[in-house]
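In: prediction below, plus the sequence it came from.
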Amino acid sequence: MRWLYLLKLLRVYRRLRRISSAPFLLLLRALRGVDQHNLCLFPGVSRLCHITPPNLYGFLLLREAGMQPASVQPEAPELLAWELSPGRTFLTRLTVGMDLMTLYELFGRKDYGEDFSGKVVVDVGAYNGDSTVYFALQGARQVIGLEPYPPNYALAQENITRMGLSDRILLLPAALGTDEGQAAFQIAPKEPDANSLTPPSSPLQKFIRYEEQISVEVLSLSALLNRFDLEEVDFLKLDCEGCEFSLIESLSPMELRRVRTWHIEYHANPKPLIDKLSGAGFSVEKRLDRGFLGYLIGERRDVQ
């Protein structure tokens, strides 16, 4: 991913003045493999950060979208705090993963929409807690998040507490899958947003190195909803880095229809997903489609 985002930074060189008083030096250091940069957090206020190119690009997009870093920052230069609501801060990592890119997709680009007032949301792939927090801040009355990777889970729990949303968010250290029990979970330590039960076979995979494997708890959709006495949920975000195909294929039309809106990030040709959802009575739309990567939004059509 590093070289992909270095190319992106080269393309937006003129815009780097937004985040650095010395954009040429910043870009030169990044190209040389140096990940320590002075970033402008506020006019006249800079901070030395240890930050990778993907997060550097995400920082630029967040600042252009008007997102505000917190006035008080953690001492660790590999962390950056953001004020997502008055007096509440959210921690992001800068040296691993895509924390700033995913934060931009949620709060800047608003990939999942803006109004979740009164809704019950299931967040599969809660990562560092950014999406669970987003749904709650946008009005969801209950958010059930699943995040099986221990470092992601711990940070997500911290962020939920920091944001004062523990009363509306329940985070489970588990994955969603086809069968209940324990399963092998593939870990990419430098890309913890790409961890997966079933890594996808997309062109982006050549950038991901799965170096570890851990055993994690897996819940089926029916077991998850039954555990919380939920007949149905309003919105299910499915970002499981490849497992979407086996999961959706395993569900019966009746199980699929326990969800009013499916929001699925796909990592290969989405036609099997479209066919399955359409056959179960969903209207399906593709968004941000790049052939092998994008979103599917399945809206349940109620039977007349």
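Out: Everything's here; your move. Residues are numbered from 1 along each chain as shown.

In: all the helices of the stretch 151-300 of the chain, residue numbers only.
Out: 221-227, 244-250, 253-256, 271-279 (DSSP state H, counting those that start in this stretch).

In: mind listing what's buried in the last one?
Out: Along helix 271-279, these residues count as buried under the neighbour rule (16 or more other CB atoms under 10 Å): 273, 274, 276, 277. For every residue, glycine as well, the C-beta is placed using N, CA and C.

In: quick check: of those residues, which lies closest to residue 47?
Out: residue 273 (42.1 Å; CB to CB).

In: one step back: out of the helices of the stretch 151-300 of the chain, the one nearest residue 10 is which?
Out: helix 244-250 (32.4 Å).

In: for that closest one, what is the distance to the chain centroid?
Out: 19 Å (CA atoms, centre = their mean, to the nearest Å).

In: for stretch 281-299, same thing?
Out: 17 Å.

In: ends of that stretch, how far apart?
Out: 9 Å (CA to CA, to the nearest Å).

In: got it, and stretch 199-219?
Out: 18 Å.

In: and the contacts of stretch 280-292?
Out: 111, 202-204, 253, 256-257, 262, 266-270, 273-274, 277-278, 294-301, 303 (CB atoms under 8 Å, 6 or more residues apart in numbering).

In: could you pick out the buried ones from those residues?
Out: For the contacts of stretch 280-292, buried by 16+ other CB under 10 Å: 111, 202, 256-257, 262, 266-268, 270, 273-274, 277, 295-298, 300.

In: now tabulate the helices of the stretch 151-300 of the chain in JSON lines and tack on mean pLDDT and distance to residue 130.
Out: Output for the helices of the stretch 151-300 of the chain, formatted as JSON lines (pLDDT from 0 to 100; distance: least, CB to CB, whole Å):
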{"stretch": "helix 221-227", "mean pLDDT": "96", "distance to residue 130": "21"}
{"stretch": "helix 244-250", "mean pLDDT": "96", "distance to residue 130": "19"}
{"stretch": "helix 253-256", "mean pLDDT": "97", "distance to residue 130": "26"}
{"stretch": "helix 271-279", "mean pLDDT": "97", "distance to residue 130": "24"}
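
In: so which of the ones you listed is nearest residue 82?
Out: Using CB to CB, those put helix 244-250 closest to residue 82, at 28.4 Å.

In: and that closest one, what does it pack against?
Out: strand 233-238, strand 259-266, helix 271-279 (3 or more CB pairs under 8 Å, 6 or more residues apart in numbering; DSSP states H and E).

In: repeat that for 10 Å
Out: strand 174-176, helix 221-227, strand 233-238, strand 259-266, helix 271-279, strand 294-300 (3 or more CB pairs under 10 Å, 6 or more residues apart in numbering; DSSP states H and E).

In: mind putting the ones you listed in CSV, distance to residue 78 included?
Out: Listed next are the helices and strands packed on helix 244-250 as CSV, based on distance: least, CB to CB, whole Å:
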stretch, distance to residue 78
strand 174-176, 27
helix 221-227, 34
strand 233-238, 27
strand 259-266, 26
helix 271-279, 36
strand 294-300, 30
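
In: and the ones you listed: which comes nearest residue 146?
Out: Among these, the nearest to residue 146 by CB to CB is strand 174-176 (5.3 Å).

In: in the closest one, what's buried?
Out: Here strand 174-176 shows 174, 175, 176 as buried, counting by 16+ other CB under 10 Å.

In: could you export stretch 97-109 as CSV, CA atoms only?
Out: The C-alpha trace of stretch 97-109 is given here as CSV (Å, rounded to 0.1, in the frame of the first residue of the first chain):
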residue,chain,number,x,y,z
GLY,A,97,-3.4,0.4,8.9
MET,A,98,-5.6,3.0,7.4
ASP,A,99,-7.1,4.7,10.4
LEU,A,100,-7.2,8.2,8.9
MET,A,101,-8.5,7.0,5.5
THR,A,102,-11.4,5.1,7.2
LEU,A,103,-12.1,8.1,9.4
TYR,A,104,-12.3,10.2,6.2
GLU,A,105,-14.6,7.8,4.5
LEU,A,106,-17.0,7.9,7.5
PHE,A,107,-16.9,11.5,8.7
GLY,A,108,-15.7,13.3,5.6
ARG,A,109,-17.2,11.4,2.6
